[in-house]
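J.: the following comprises the amino acid sequence and a computationally predicted model.
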Amino acid sequence: MKSDINAIIYDLGGVLVDWNPHYVFDENYFENEDQRNFFFENVCTADWNETQDEGYSIDKATEEKVKEFPEWENAIRDYYGRWKEMLKGPINESVEIFRRLKEETQIRLFALTNWSAETFPIALERFHFLHWFEGRVVSGEERTRKPFEDFYMILLNRYELEVSRTLFIDDNLRNVKAAEEIGIKSIHYINAADLEKKLIEMGILK
């Protein structure tokens, strides 16, 4: 079966790049699991992090959060102060699939990422494969993010992509569903083996 897909949009964190706050806030960081759960559920939450991904100043966000939770000051400052330690490395098996797509197909490759404009240059410097994309759209630079429709449309319009011939890959099911709502075929990334299997089934890889 030959695929009619001529463009693939990649999410980065959790698909090609292994980023996780738990590399800093591991079991040794807090006195107990309840403390760690409270920190992520009430202090430095995923929603709070996405605000910075959407372009809000990291310094301002940190100072505001310290004012709100002064008893958590050290942990709050470590969230971005030790951010580089959260950026573990490439997800090698996925990067190999990405390399195959680039070298073995004529498919155009793009990145659509929720990432702070202040920290994204660190990843660009560290991971050479981030320069393989024909184009990248970074939430912190655009001041909008997934799952909002306008963020997807920025990339589609900027690079003149046909929605019906575009595939989106993301590990966040919320973002996958948002892409599907605007007509973009999508793969919910579980792991590299599953991704490869689905790309073969779609006739994109051999």
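T.: Here it is on my side, so go on.

J.: send the alpha carbons of stretch 173-183 over as CSV?
T.: Provided in CSV are the C-alpha atoms of stretch 173-183 (Å, rounded to 0.1, in the frame of the first residue of the first chain):
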residue,chain,number,x,y,z
LEU,A,173,-3.3,12.2,23.5
ARG,A,174,-4.9,15.6,24.1
ASN,A,175,-2.8,17.0,21.3
VAL,A,176,-3.4,14.1,19.0
LYS,A,177,-7.2,14.5,19.4
ALA,A,178,-6.9,18.3,18.7
ALA,A,179,-5.0,17.6,15.5
GLU,A,180,-7.6,15.0,14.4
GLU,A,181,-10.4,17.5,15.0
ILE,A,182,-9.0,19.7,12.3
GLY,A,183,-8.5,16.8,9.9
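
J.: can you give me how far that stretch is from the chain middle?
T.: What separates the centre of stretch 173-183 from the centre of its chain is 15 Å, taken as CA atoms, centre = their mean, to the nearest Å.

J.: downstream neighbour of the lengthiest helix in the chain in the secondary structure list?
T.: Using DSSP state H, we find that the single longest helix of the chain is helix 92-104. With elements assigned by DSSP states H and E, the helix or strand that comes after helix 92-104 is strand 108-113.

J.: what residues does the helix or strand immediately after that next one in the chain touch?
T.: Where DSSP H and E defines the elements, the next helix or strand beyond strand 108-113 is helix 120-126. Contact with helix 120-126 is made by 12, 17, 83-84, 87, 113, 115, 130-131, 138, 140-141, as judged by CB atoms under 8 Å, 6 or more residues apart in numbering. Just so you know, the C-beta spots here come from the backbone N, C-alpha and C atoms, and that holds for glycine as well.

J.: could you rerun that using 6 Å?
T.: For helix 120-126, contacts defined as CB atoms under 6 Å, 6 or more residues apart in numbering pick out 130, 138.
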